[in-house]
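>>> just a sequence and a predicted model for now, questions to come.
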Amino acid sequence: MTKPAIMDHPLIQHKISLLRDKNTGSKEFRELVTEIAMLMCYEATRDLPLKEIEIETPVAIAKTRVISGRKLAFVPILRAGLGMVDGMLNLVPAAKVGHIGLYRDPETHLPVEYYCKLPSDIAERDVIVLDPMLATGGSAVDAIDIIKRKGAKNIKFMCIIAAPEGLEALTKAHPDVAVYCGVLDDHLNENKYIVPGLGDAGDRIFGTR
Ligand code: PRP
Ligand code: URA
């Protein structure tokens, strides 16, 4: 199994602990997911290429570096992935955003696709797929299948909590996809929920159920 990059920065770990707390309400939960996504985005974009340019400061000409034109797309998996988009756009406001709608069938736990709208030039973009939870891995695997069928080649997957089962499924199906996660949890329960996890991320973000 390819090793994921675990984002063990103290700020990320602290905020994940607050997310896990069943007493954290939707408003704070959403704010925390935004903040964690922003911190993870900082790490996951570390390999963006730079080019040198010249800028005139008030004092002199400076040879200085800017990101060299690589175009990014963020693709949240609906619904819960939506919670991560603002944090990502705070750092990369020019990125385009695609959406893939998948829900887990309550009986089979398999993902069912209900929506897909991706940037028309997705094939030329570096893509970061967003979902707070990687449980069985079915949703992530299917979302990345869809994105690859549209021609994208450089794809990363970012989640806040992963289960070992999901990581294994994802890296087996898509060994070329770099995985970034906040924490690797213990296991899945009989309902395929991550243990200890944080419950249902979509319900906690949107206050449903
Ligand atoms: C959750 C979560 C992931 C998926 C993870 O979504 O946001 O998309 O489950 O599970 P998996 O790895 O076993 O596929 P859910 O299907 O509950 O939909 P929602 O975001 O609309 O609540
Ligand atoms: N989806 C969630 O939101 N939470 C889990 O623990 C598993 C799947």
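That came through fine. Ligands and ions are numbered 1, 2, ... in the order given.

>>> and the residue of the chain nearest ligand 1?
Residue nearest to ligand 1 within the chain (Cβ to the nearest ligand atom): Gly202, separated by 2.4 Å. C-beta coordinates here come from the backbone N, C-alpha and C atoms, glycine included.

>>> contacts only, for that residue.
Contact partners of Gly202, counting by Cβ atoms under 8 Å, 6 or more residues apart in numbering, are 79-80, 208.

>>> can you rerun that using 10 Å?
By Cβ atoms under 10 Å, 6 or more residues apart in numbering, the contact set of Gly202 is 77-83, 103-104, 131-133, 208-209.

>>> which SS state does it fall under?
Here Gly202 is recorded as helix under DSSP: H, G, I helix; E, B strand; the rest coil.

>>> with the one 3 residues further on instead?
Local secondary structure at Ile205 is given as helix here, using three-state DSSP.

>>> and the pLDDT for it?
At Ile205, the pLDDT value in this model is 97.

>>> low pLDDT regions in the protein?
For the chain, the stretches with pLDDT under 70 are 1-2.

>>> ok, back up a step: among the contacts of Gly202, find me the one that's closest to ligand 2.
Once Cβ to the nearest ligand atom is applied, the member of the contacts of Gly202 that ends up nearest ligand 2 is Met133, at 4.0 Å.

>>> for that closest one, phi and psi?
phi -120, psi 130 (degrees, to the nearest 10).

>>> near ligand 1, which residues of the protein?
77-80, 102-104, 109, 111, 131-140, 166, 192, 200-202 (Cβ under 6 Å from any ligand atom).

>>> how close does the closest residue to Pro119 other than its chain neighbours get to Ala73?
Closest residue to Pro119 apart from its sequence neighbours, by Cβ to Cβ, 6 or more residues apart in numbering: Lys96 at 4.1 Å. Remark: distance between Lys96 and Ala73 (Cβ to Cβ, to the nearest Å) = 5 Å.

>>> need the distance between the two termini of stretch 64-83.
Across stretch 64-83, the terminal residues are separated by 34 Å (Cα to Cα, to the nearest Å).

>>> what are the buried residues along that stretch?
Neighbour-count burial for stretch 64-83, counted by 16 or more other Cβ atoms under 10 Å, picks out 72-83.

>>> what do you get for stretch 177-191?
177-185, 188.

>>> do that stretch and ligand 2 come into contact?
No - using Cβ under 6 Å from any ligand atom, stretch 177-191 stays clear of ligand 2, with a minimum separation of 7.5 Å.
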